[in-house]
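Peer 1: no sequence for this one, just the structure:
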């Protein structure tokens, strides 16, 4: 994970993302697609996890077999929409430790306001993957990473479904050491800070709220 931005162009990722973008896609289907696509994105963001070996017995013979090394990684959901990505990644990595950062965007200033923070211990010894479907202005994401660094995290990756150029630039400026993995880099933000063409508000579409 050296490049600051990785766009996962796998055909299944792109196909599922198109279905999620469609306005006619129901809440239930949107949620299921998000779970599926998050597992495919998690496959990419965990590509370079540290490995070691341990002795095992197969039905045929003994061998030294590869296993993950180090402390269990930490998955941090940036509430509330991050939970949709979190669920899928947890299915792939069920032993991961889980934390939550609660931020909401002030509709007037577009600045993030913190309301909740609860993360696993020993973040400095873990790979930390922060998840949030939309990297729009980048303000909330950058603020969440600030909080994780203050809590000790040094090895952080950011997983999102969609990114806007403005958000990528903001994150690179604030946290050049945090690689971003996403399914698509969209055109721009509109005047309300939403990604265009985007898919609307991920939280609303996931939870059926308006």
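Peer 2: That came through fine. Keep in mind that what you see is a predicted model, and the values were worked out from it rather than measured. Numbering: from 1, shown residues only.
Peer 1: from here on, contacts and neighbour counts on C-alpha atoms
Peer 2: Will do.
Peer 1: Next up, the contacts around residue 76.
Peer 2: 86, 98-101, 119, 128-131 (C-alpha atoms under 8 Å, 6 or more residues apart in numbering).
Peer 1: What does it show for phi and psi?
Peer 2: phi -120, psi 120 (degrees, to the nearest 10).
Peer 1: And for residue 180?
Peer 2: Dihedral pair for residue 180: phi -110, psi 130, per degrees, to the nearest 10.
Peer 1: got it, and the one 4 residues further on?
Peer 2: The main-chain torsion angles of residue 184 are listed as degrees, to the nearest 10 and equal phi -160, psi 140.
Peer 1: Mark which of the contacts of residue 76 are buried, thanks.
Peer 2: Among the contacts of residue 76, those scoring as buried are 86, 98-101, 119, 128-131 (criterion: 16 or more other C-alpha atoms under 10 Å).
Peer 1: returning to what we had before: which of the contacts of residue 76 fall within helices?
Peer 2: Among those, the residues falling in helices (DSSP state H) are residue 86.
Peer 1: Return the member of the buried ones among the contacts of residue 76 nearest to residue 29.
Peer 2: Residue 29 lies nearest to residue 86 out of the buried ones among the contacts of residue 76, by C-alpha to C-alpha, at 16.8 Å.
Peer 1: what about the closest one, distance to residue 116?
Peer 2: Plainly put, residue 86 is 17 Å away from residue 116 if you go by C-alpha to C-alpha, to the nearest Å.
Peer 1: who touches the least confident helix or strand in the chain by mean pLDDT?
Peer 2: The weakest-scoring helix or strand in the chain, judged by mean pLDDT, DSSP states H and E, is helix 202-207 (a mean of 86). The contact list for helix 202-207 (C-alpha under 8 Å, 6+ apart) reads 26-28, 30-31, 80-81, 84, 133-134, 209-210.
Peer 1: For the chain, which segments count as helices?
Peer 2: Under DSSP H, the chain gives helices at 11-21, 27-45, 82-92, 139-150, 165-174, 202-207.
Peer 1: Could you check how far the last one is from the centre of its chain?
Peer 2: Here helix 202-207 is found 16 Å from its chain centre; the criterion is C-alpha atoms, centre = their mean, to the nearest Å.
Peer 1: now the first one
Peer 2: Average the C-alpha atoms of helix 11-21, do the same for its chain, and the two points are 17 Å apart (C-alpha atoms, centre = their mean).
Peer 1: buried sites along it?
Peer 2: Of the residues in helix 11-21, 13, 16-17, 20 count as buried by neighbour count, 16+ other C-alpha under 10 Å.
Peer 1: got the angle for it vs helix 27-45?
Peer 2: Orientation note: helix 11-21 sits at an angle of 150 degrees relative to helix 27-45 (axes from the mean of the first three to the mean of the last three C-alpha atoms, to 10 degrees).
Peer 1: for the third one, same thing?
Peer 2: Helix 82-92 and helix 27-45 meet at an angle of 60 degrees, taking the same axes, to 10 degrees as the criterion.
Peer 1: Then the fourth one?
Peer 2: Relative orientation of helix 139-150 with respect to helix 27-45: 50 degrees, computed using the same axes, to 10 degrees.
Peer 1: now for helix 139-150, which elements pack on it?
Peer 2: Applying 3 or more C-alpha pairs under 8 Å, 6 or more residues apart in numbering; DSSP states H and E, we find helix 139-150 packed against strand 97-105, strand 112-118, helix 165-174.
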